[in-house]
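**Q** when you get a sec, could you give me coordinates for this:
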Amino acid sequence: MPGARFNIQLDDRHARTLRTLAERTHVNPGTLARSLLCAALDEADPSAANIVALLDSIPGAIERAEQGLRQIESGQGILLDEL
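**A** You can find the predicted model right below:
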């Protein structure tokens, strides 16, 4: 399977940090972001407890998940097969 493409959105602080690091290393920000993400994934512990802790640390994650469930229940969702 060839590499998958993902789009991520950084908050202003992290985007500035990425741009600064990219400028200092003379590397494209996207290339640096990909390398940093790959390194983090290589070091990530995939145990269930760690995944739960990671998800719990995302600000507003529970609220967004609950909002998504409400949207699906009210018929606002799109089936994955339709994407």
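**Q** okay, now the domains of this protein?
**A** Segmentation of the chain into domains, based on automatic domain parsing, reads 7-44, 46-83.
**Q** check those for me: which has the lowest mean pLDDT.
**A** Per-stretch mean pLDDT for the domains of the chain is lowest at domain 46-83 (a mean of 86).
**Q** just the terminal-to-terminal distance for that one.
**A** Terminal residues of domain 46-83 lie 28 Å apart, using CA to CA, to the nearest Å.
**Q** got the buried residues for that domain?
**A** By 16 or more other CB atoms under 10 Å, domain 46-83 has no buried positions at all. Bear in mind the C-beta positions are built from the backbone N, C-alpha and C, glycine included.
**Q** got phi/psi on Val27?
**A** Main-chain dihedrals, Val27, degrees, to the nearest 10: phi -130, psi 150.
**Q** could you measure Leu32 against Ile58, distance?
**A** 22 Å (CB to CB, to the nearest Å).
**Q** same deal with Leu37?
**A** 16 Å.
**Q** with His26 instead?
**A** His26 is 32 Å from Ile58, by CB to CB.
**Q** before we move on, what about Leu36?
**A** In terms of CB to CB, Leu36 sits 18 Å off from Ile58.
**Q** likewise Leu69?
**A** 16 Å.
**Q** now Ser35: which helix or strand?
**A** helix 29-43 (DSSP states H and E).
**Q** helices or strands next to that helix in the packing?
**A** Packing contacts for helix 29-43, counted by 3 or more CB pairs under 8 Å, 6 or more residues apart in numbering; DSSP states H and E, involve helix 12-25.
**Q** report the angle between the helix it packs on and helix 29-43.
**A** 100 degrees (axes from the mean of the first three to the mean of the last three CA atoms, to 10 degrees).
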